[in-house]
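**Q** Provide a 3D model corresponding to the input given below.
(2 chains)
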Amino acid sequence: DQQVKQNSPSLSVQEGRISILNCDYTNSMFDYFLWYKKYPAEGPTFLISISSIKDKNEDGRFTVFLNKSAKHLSLHIVPSQPGDSAVYFCAASAGSGYALNFGKGTSLLVTP
Amino acid sequence: DAGVIQSPRHEVTEMGQEVTLRCKPISGHDYLFWYRQTMMRGLELLIYFNNNVPIDDSGMPEDRFSAKMPNASFSTLKIQPSEPRDSAVYFCATLGDLRIGELFFGEGSRLTVL
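**A** The predicted structure follows:
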């Protein structure tokens, strides 16, 4: 049973515009959320995270928003760049030291 | 640090053969995870270890799968016998910072079972 869901398998955005990637979760015990980025033939790499005590975390062009009541989070990339083209995985955990549950990923294509 | 090192990067084998995937974690990381990536299911957790002890293996699909961590610097994931549906990319990852849960992944082992 998928506890972390990314319902959009793919997204295409023009360079310079905003990319918004969405993620929903079902387990109310999740209290830590992360986004990972994956290029072909490489392992996923950590991008940004947010604790459940916050509703927003920003790091440069990347911002993650958390809506606990809706069990929804989103990753905003502004402005989008061609190098951002990758698969983005949403992940959640129920506490430190616990295994991460991943979504299926969203493939982002940023076109020039 | 060299990061998480996995071998082999690619493995092609025939159904029924034994497959062994290897992982060398980042030194000092106490948690080690094995994930499998497929198009249908995304990234699935198979098993994870803490201080070389298996903590949760509920994600291991069948008895054909087994994993060991004989010491802090080495882990194996074995499939015996392998089947075509085992074809996937298998990732090993280690946990660096307990406070933020950031996993460091290896580059993966792409397994094709014919």
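**Q** could you use CA atoms for every contact and neighbour count after this?
**A** Fine.
**Q** got any ranges where the chain has weak pLDDT?
**A** In the absence of a named chain, chain A is used. Counting by pLDDT under 70, chain A shows low-confidence ranges at A:96-98.
**Q** my question was about chain B
**A** For chain B (pLDDT under 70), the answer is B:1, B:97-100.
**Q** run through the strands of chain B in chain order.
**A** B:5-7, B:10-13, B:19-24, B:31-38, B:42-50, B:53-56, B:65-71, B:74-79, B:88-97, B:102-105, B:109-113 (DSSP state E).
**Q** so which of those strands comes closest to chain A?
**A** Of all the strands of chain B, it is strand B:42-50 that lies closest to chain A, at 3.9 Å by C-alpha to the nearest C-alpha.
**Q** returning to that earlier point: nearest to residue A:12, of the strands of chain B?
**A** Nearest to residue A:12, of all the strands of chain B, is strand B:42-50, at 19.8 Å by C-alpha to C-alpha.
**Q** strand partners of that closest one, parallel vs antiparallel please.
**A** strand B:31-38 (antiparallel), strand B:53-56 (antiparallel) (DSSP bridges).
**Q** now that strand - C-alpha only, PDB.
**A** Extracted in PDB, the C-alpha atoms of strand B:42-50 (Å, rounded to 0.1, in the frame of the first residue of the first chain):
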ATOM      1  CA  GLY B  42       8.800   3.300  -7.600                       C
ATOM      2  CA  LEU B  43      11.300   3.100  -4.700                       C
ATOM      3  CA  GLU B  44      10.500   0.300  -2.400                       C
ATOM      4  CA  LEU B  45      12.200  -0.400   0.900                       C
ATOM      5  CA  LEU B  46      13.400  -4.000   1.100                       C
ATOM      6  CA  ILE B  47      15.200  -4.200   4.400                       C
ATOM      7  CA  TYR B  48      17.300  -2.000   6.700                       C
ATOM      8  CA  PHE B  49      20.000  -2.600   9.300                       C
ATOM      9  CA  ASN B  50      21.100  -0.700  12.300                       C
END
